[in-house]
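> pasting the structure only:
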DNA sequence: AGAGGCATGTAAGGGGTTACATGATTTC
DNA sequence: GAAATCATGTAACCCCTTACATGCCTCT
């Protein structure tokens, strides 16, 4: 059983109970960079989780609002998933695919693309740095600690991607001058 | 129109014509780390690409083998996709999701998991280093250059992930001693 | 009374995986 | 002749996205 939105939702509910609507906003805010989810999908998954007994409705409020809470079975299942990796969906990166195929387009455009990748990495780095600095520095719960760790991962990726793209542009330019002088 | 296997297949065919069967092996070998694809999906996509006129059958061999080749329209479409990013599927990382939710499992298990992440990064680094060193060093075509660049990206990711996981373990240990002494 | 937010749901379609199915050709 | 490999395809199922649909509650 693959399924990761399942565990994303289960995990967020484990951090704090709430309704689908509540959860949706938490997906948009804290989790958007790790595991984005749409409204439609989320409601469906919550019903499945409830049907499987991993979460339960503890209260029904105005407008049919359902307050969800993780059950004991749900916690067990969450721990099981978290401590048993190996069944994750494979990584796919469209941006890396582009680079892989960059030899198939005119060199000029290829170079241009790489410069764009570097620029994008820099803006991501800026965005995430700003996000980190805007975070409440007094938070020291476990959830905030690991949320910060995930953010740090993003920052390191952005940094690395910028370094990589810039070094690639250099290597590309060297390569181009080489081949043109050989001819 | 999202669709990336489409362009992965189109791009590989642009590098070199061949049959679905040929392509499948190239997916398993050179492209497995960038954009994995299954046999089933690939044959379906090739038929769609042919129906859309982006590739064409140039020859039919034994066992109904179809030799495919990229058309002019296909090249145009490939260049368009590569130079116009922005419609890529969102990034989802199950392993990062696990870290994000690590506060929901017992600290001991959380730490254990992080150590495992560091170990995995190290073995990935070793695997990719070996792969790089086994590559034909005399290759200097554009495709090989950019293939090497993609591989370098993977190496940098592995390196970064190891650094990150190790620093996280340190921070986690500090945090644990802090809270235990405060009590 | 109307606007905006709260709250949940369904339907259609695309992309991906697994499993099943079939047959031709080459190799030993 | 048997086994391995070549070669393509179909069917069922799951995950995700977009769009549509519906109604309630609060605030002004």
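Right, received. Where do you want to start? Because the structure is predicted, anything quoted here is derived from the model rather than measured. Numbers count the residues shown, from 1 in each chain, chains lettered A, B, ... in the order given.

> Against which helices or strands is the longest helix along chain A packed?
The residue-count maximum for a helix in chain A (DSSP state H) belongs to helix A:142-182. Here helix A:142-182 touches helix A:107-134, helix B:94-100, helix B:142-182, going by 3 or more Cβ pairs under 8 Å, 6 or more residues apart in numbering or on different chains; DSSP states H and E. All C-beta spots, glycine's among them, are computed from the backbone N, C-alpha and C.

> What are the buried residues along the first one?
By neighbour count with 16 or more other Cβ atoms under 10 Å in any protein chain shown, helix A:107-134 contains the buried residues A:110-111, A:113-114, A:117-118, A:120-122, A:124-125, A:128.

> For the helices and strands packed on helix A:142-182, give me JSON lines that also has distance to DNA strand D.
Putting these into JSON lines (distance: least, Cβ to the nearest atom of the strand, whole Å) gives the following:
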{"stretch": "helix A:107-134", "distance to DNA strand D": "19"}
{"stretch": "helix B:94-100", "distance to DNA strand D": "9"}
{"stretch": "helix B:142-182", "distance to DNA strand D": "21"}
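
> Could you list the domains of chain A?
By the record's domain assignment, chain A is partitioned as A:5-83, A:94-182 (automatic domain parsing).

> Format those as JSON lines; extra columns: mean pLDDT.
Listed next are these as JSON lines, based on pLDDT from 0 to 100:
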{"stretch": "domain A:5-83", "mean pLDDT": "97"}
{"stretch": "domain A:94-182", "mean pLDDT": "94"}
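
> Same list (those domains) but as TSV, adding distance to DNA strand C.
Listed next are those as TSV, based on distance: least, Cβ to the nearest atom of the strand, whole Å:
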stretch	distance to DNA strand C
domain A:5-83	3
domain A:94-182	9
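
> Distance to residue B:90 added to those domains, as TSV?
Listed next are those as TSV, based on distance: least, Cβ to Cβ, whole Å:
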stretch	distance to residue B:90
domain A:5-83	5
domain A:94-182	10
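
> quick one, which of the helices and strands packed on helix A:142-182 is nearest to residue B:43?
helix B:142-182 (23.5 Å; Cβ to Cβ).

> Pull the distance from the closest one to the chain's centre.
Its chain's C-alpha centre and that of helix B:142-182 lie 18 Å apart, by Cα atoms, centre = their mean, to the nearest Å.

> and it with helix A:107-134, angle?
10 degrees (axes from the mean of the first three to the mean of the last three Cα atoms, to 10 degrees).

> Ramachandran angles for the residue nearest the centre of chain A?
Nearest to the geometric centre of chain A sits residue A:34, at 2.0 Å (Cα atoms, centre = their mean). When read as degrees, to the nearest 10, the backbone of residue A:34 gives phi -110, psi -50.

> wouldn't it be in contact with residue B:98 here?
No. Using Cβ atoms under 8 Å, residue A:34 makes no contact with residue B:98, being 9.8 Å away.

> Can you get me a residue count around the closest residue to residue A:39 other than its chain neighbours?
The shortest distance from residue A:39 to any non-neighbouring residue, by Cβ to Cβ, 6 or more residues apart in numbering or on different chains, is to residue A:24 (5.6 Å). Neighbour count of residue A:24, defined by other Cβ atoms under 10 Å in any protein chain shown: 18.

> how much space is there between residue A:24 and residue A:45?
To residue A:45, residue A:24 is 11 Å away according to Cβ to Cβ, to the nearest Å.

> what's the answer for residue A:112, then?
The value you get for residue A:112 to residue A:45, if Cβ to Cβ is used, is 41 Å.

> Please list the residues outside stretch A:58-65 that contact it.
Here stretch A:58-65 makes contact (Cβ atoms under 8 Å, 6 or more residues apart in numbering or on different chains) with A:17, A:19, A:21, A:66-69.

> cool, stretch A:95-107 as well?
Outside stretch A:95-107, the residues that reach it (Cβ under 8 Å, 6+ apart) are A:110, A:113-114, A:117, A:168, A:172, A:176, B:4, B:7-8, B:11-12, B:14-15, B:31, B:34-35, B:75, B:78-79, B:82-83, B:85, B:88, B:141-143, B:145-147, B:149-150, B:153.

> what about that stretch, how long is it end to end?
17 Å (Cα to Cα, to the nearest Å).

> about what we covered before: take the helices and strands packed on helix A:142-182 and write them to a markdown table, including distance to residue A:49.
Shown next, in a markdown table, are the helices and strands packed on helix A:142-182 (distance: least, Cβ to Cβ, whole Å):
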| stretch | distance to residue A:49 |
| --- | --- |
| helix A:107-134 | 29 |
| helix B:94-100 | 16 |
| helix B:142-182 | 29 |
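
> Looking at those, which is nearest to residue B:49?
helix B:142-182 (19.6 Å).

> Got a PyMOL select line for the buried ones in the contacts of stretch A:95-107?
Filtering the contacts of stretch A:95-107 down to the buried ones (16+ other Cβ under 10 Å) takes a single PyMOL command:
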select buried, (chain A and resi 110+113+114+117+168+172) or (chain B and resi 4+7+8+11+12+14+15+31+34+35+78+82+142+143+145+146+147+149+150+153)
